[in-house]
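Trainee: return atomic coordinates for the entry below.
(2 chains)
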There are 2 protein chains.
Amino acid sequence: MPEHLDILEGWLKSYRPSELFNEDGRLRPDLKDLAPKGERRMGGNPNANGGLLLKDLDLPDFRRYAVEIDIPGTQTAESTRVAGHYLRDVLKLNAEDRNFRIFGPDETESNRLSSVFEATDRAFMGEILESDTQLSPDGRVMEVLSEHLCQGWLEGYLLTGRHGFFSCYEAFIHIVDSMFNQHAKWLKVCREIPWRRPIASLTYLLTSHVWRQDHNGFSHQDPGFIDHVANKKADIIRIYLPPDANSLLSVVDHCVRSRDYVNVIVAGKQPQLQWMDIDAAVAHCRTGLGVWEWASNDEHDPDAVVACAGDVPTMEALAAVMILRETFPSLRLRVVNVVDLMALQAPSQHPHGIADDAFDRMFTTDKPVIFAYHGYPALIHRLTYRRANHANFHVHGYQEEGTTTTPFDMAVLNRLDRFHLAEAVVERVPSLAAAREGFARFVESKLAEHDAYIRDNGEDLPEIRSWRWLASAADAQ
Amino acid sequence: MPEHLDILEGWLKSYRPSELFNEDGRLRPDLKDLAPKGERRMGGNPNANGGLLLKDLDLPDFRRYAVEIDIPGTQTAESTRVAGHYLRDVLKLNAEDRNFRIFGPDETESNRLSSVFEATDRAFMGEILESDTQLSPDGRVMEVLSEHLCQGWLEGYLLTGRHGFFSCYEAFIHIVDSMFNQHAKWLKVCREIPWRRPIASLTYLLTSHVWRQDHNGFSHQDPGFIDHVANKKADIIRIYLPPDANSLLSVVDHCVRSRDYVNVIVAGKQPQLQWMDIDAAVAHCRTGLGVWEWASNDEHDPDAVVACAGDVPTMEALAAVMILRETFPSLRLRVVNVVDLMALQAPSQHPHGIADDAFDRMFTTDKPVIFAYHGYPALIHRLTYRRANHANFHVHGYQEEGTTTTPFDMAVLNRLDRFHLAEAVVERVPSLAAAREGFARFVESKLAEHDAYIRDNGEDLPEIRSWRWLASAADAQ
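Mentor: Numbering: from 1, shown residues only, chains lettered A, B, ... in the order given. Sure thing, here's the model as predicted:
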């Protein structure tokens, strides 16, 4: 025992305390002065509280990039390409401040954000050859085939007071599930600490989504990141499914301005039908969801509500409505589109949740709601289970069925296609009881025709590929 | 144009086709013979269809490792330590076949599976020093702090016809979300291909779970892997929440025998109360869920059902029942414990789902069900939303609240503790309406007492730490 004390004394004395402390046992003032002061302290350094350094972005008016829409559902555009024009000008306007970057494991070009290369290059530190294009050491697009690296870079960039934007294949964003968790937990805790200043939100654009993996197939199909995100605190997370280019513009602008959130935007890059002019899109995004009057004929008393969230589901839902209106002219249908998924949730559970009376007016309290949804159907049930009409919600979405096939066949495999959706309505509207059997035969024959055609031709039926809203349905208004 | 044809001809001739093909244009037989035949073909190699090589494990009778239980909820054991004894003997019995391995990013020792080191070592290929213990080049425990590596190794091991077991911190298994996706998709597709033989299931043991991160805190709390898994095809996935050592034994044995599944087992490693003797555990695990008669006093007509899934929620639920029975002796409560989460789902949605009439008998069709659940509450709603009594389900679970604190405080922060659970019952049983206000005051004062005590003492109240089922509640039977 005493020899242990000797060893201890010897070890402690090896630090030469007599050179460090005064006779009264205090640290010598000249040594104390060596410690950094104020902002030089690790915890006081503004880079460790990035909100202190945050400068608002100079943002262009997103309305300037809008697609002109005359009649809904009759023209196509690539929604992400339109968003790319806006992002290009965000890069330009903030070039001097050097505080905005785009991150992505996939090709920014293939995600149709190519316009950004009019304003900047890809960052590249290695030797640049004459044959290289769009590479430079100060490029502001960080492109590397590692979701982990993109996420880590972006987190660091945001935490030190800058702004960023992450575009990724939907299925592979799961690679950073665990990193997202930690960032969301960090944001949640920081909101409870008064001296921590708000930082820019972490915004994901998930393009190349589950419904358009025409060439990649089953391995590239997973819309579950939305579910993963929805488990985190409601005041941190936002999930948007803009169905067209103008709503995507409005959502991107909103996300880029926001603070202390994780925003998830899911939007396709393929040419797709456009539904809303810019004013309609802005109004629609503001409430987060709403009745599309131009597609509805319910006269305030629908037989059924056809709801949709996501670009492909929206098209299939409207095609289903057109089939139904052509087949059953007296059927009264209401179309509701959802952009802000959290608007579905009860206001007690998410700040974006719309009031129960507004929800009930929109979805009724007793009529069937056929809901065409981008992801796994369970999430819609989860978000709406406290709503009065929940028991009448019938959700079609991704059922983990897929392969390398045509876009429409992907919808068919998961019963999200127009025919299955229309059949779901017919099955649940009492006044159509007599028509059910005949309609089921019609659906069966259409699906058989589809199946035979794609096997012979490797592409969807002409009537599917060239489908447009309008025709008799619009005439009927 | 003709000069392009010349270039094409020159290029094709550079392959010297005259040396490769006969005059009739067929591949020369001596060259054709160079290609491997039968099992030497890449696609015909049994290692690429591991089920062909799969040999059933020689398994000990898991009942031999059972913990003796006299009175439920009065003794403690470390459940994973007991499972470790069983795994040790699985390693021993199959040592010659060398076809079973344990994988883990965390310490197998700290997860209390230490017994396995009586049968094998950790695999280590580097130089082994005299001071090293439990390391050898042929050790069958693969321990490395990379979830990715563990998952990849295990997938390869299973796909080539061997058996394995993955133990991991619950929160950090999200690191392999994306890898799990691909394995689940592979299994789903292989079941549709007749010549692909079944392989051993991929079994995760998630220990060190959300409720017992006493020293690690918020960053280590995430029970969402269950939700991620639940999105995959029902015929592939199995999720178990054994509440004690004997049920864990039964579940582990079942999982090790299974084929073509992904099994997720969530079970704590800390000393915890034991509820079922081995016969009761086997019967309980066989149905997947059931009424615990010994804890119920409902006389086939409960005022409320108290349900639970997971070890910590089970203890809190039973403690709530004891408080309620002591306070309201005439209150009729039924206790239902759920081991196999998929048993909750409608049989049309999962093969383990129990029939609606059995479900309705157990959970009633009109009485409040207070459900104490291990993970995010939404999953229980998702699994039960097609059941008759769903609107009366009130689920308490992880609400993404946590910090470095005592075990009981974690439950309190997320309203999963006995007092909040008891209060939830009192709030919803009509005959207790007059008692609500008084009971709420009682709960408030108990929680205030708890809060003050942990701040002063850094550990839970003695009445919490030493709580046992029994006492007056058991006497009352």
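
Trainee: could you tell me which residues of chain A lie near chain B?
Mentor: When proximity is defined as Cβ under 8 Å from any Cβ of the partner chain, chain A approaches chain B at A:171-172, A:174-175, A:177-178, A:181-182, A:185, A:188-189, A:218-219, A:222, A:224, A:227-228, A:230-233, A:376, A:378, A:381-382, A:385, A:390, A:400. Bear in mind the C-beta positions are built from the backbone N, C-alpha and C, glycine included.

Trainee: tell me the phi and psi of A:S167?
Mentor: Dihedral pair for A:S167: phi -110, psi 140, per degrees, to the nearest 10.

Trainee: what's near enough to touch it?
Mentor: For A:S167, the contacting residues are A:T80, A:I102, A:F103, A:G104, A:D106, A:T108, A:N111, A:L113, A:Y204, A:L205, A:L206, A:T207, by Cβ atoms under 8 Å, 6 or more residues apart in numbering or on different chains.

Trainee: closest to chain B among those?
Mentor: A:L206 (13.6 Å; Cβ to the nearest Cβ).

Trainee: sorry, back to before: lowest-confidence one in the contacts of A:S167?
Mentor: Ranked by pLDDT, the contacts of A:S167 bottom out at A:D106, which scores 79.

Trainee: where does pLDDT dip in the stretch 351-477 of chain A?
Mentor: Along the stretch 351-477 of chain A, the parts satisfying pLDDT under 70 run over A:471-477.

Trainee: and for chain A?
Mentor: In chain A (pLDDT under 70), the answer is A:471-477.

Trainee: repeat that with 50
Mentor: Within chain A, the stretches with pLDDT under 50 are A:472-477.

Trainee: so which residue is smack in the middle of it?
Mentor: Ranked by distance to the mean C-alpha position of chain A (Cα atoms, centre = their mean), the top residue is A:I265 at 1.7 Å.

Trainee: a strand runs through it, doesn't it?
Mentor: Yes: using DSSP: H, G, I helix; E, B strand; the rest coil, the assignment for A:I265 is a strand.

Trainee: so it touches A:S250, yeah?
Mentor: No: A:I265 lies out of contact with A:S250 (Cβ atoms under 8 Å); the separation is 10.8 Å.

Trainee: which residues are in contact with each of these two?
Mentor: Contacts common to A:I265 and A:S250, judged by Cβ under 8 Å, 6+ apart, are A:P242.

Trainee: excluding chain neighbours, what is closest to A:V395?
Mentor: For A:V395, ignoring the flanking residues on the chain, the nearest one in space by Cβ to Cβ, 6 or more residues apart in numbering or on different chains is A:P377 at 3.8 Å.

Trainee: ok, that neighbour touching A:H396?
Mentor: Yes: in this structure, A:P377 is within contact of A:H396 by Cβ under 8 Å, at 6.7 Å.

Trainee: which one of the two is surrounded by more residues?
Mentor: Neighbour totals were compared for A:P377 and A:H396, and A:H396 leads with 24 against 21 (other Cβ atoms under 10 Å in any protein chain shown).

Trainee: could you pull up phi and psi at the more buried one?
Mentor: phi -110, psi 130.

Trainee: in stretch A:268-278, what's buried?
Mentor: A:G268, A:K269, A:Q270, A:Q272, A:L273, A:Q274, A:W275, A:M276, A:D277, A:I278 (16 or more other Cβ atoms under 10 Å in any protein chain shown).

Trainee: now these in TSV, with secondary structure?
Mentor: Converted to TSV, the buried residues of stretch A:268-278 look like this (three-state DSSP):
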residue	secondary structure
A:G268	coil
A:K269	coil
A:Q270	coil
A:Q272	strand
A:L273	strand
A:Q274	coil
A:W275	coil
A:M276	coil
A:D277	coil
A:I278	helix
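
Trainee: switch those over to TSV; also include distance to B:Y86.
Mentor: Conversion of the buried residues of stretch A:268-278 to TSV gives the following (distance: Cβ to Cβ, whole Å):
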residue	distance to B:Y86
A:G268	50
A:K269	51
A:Q270	53
A:Q272	55
A:L273	59
A:Q274	61
A:W275	59
A:M276	61
A:D277	66
A:I278	65
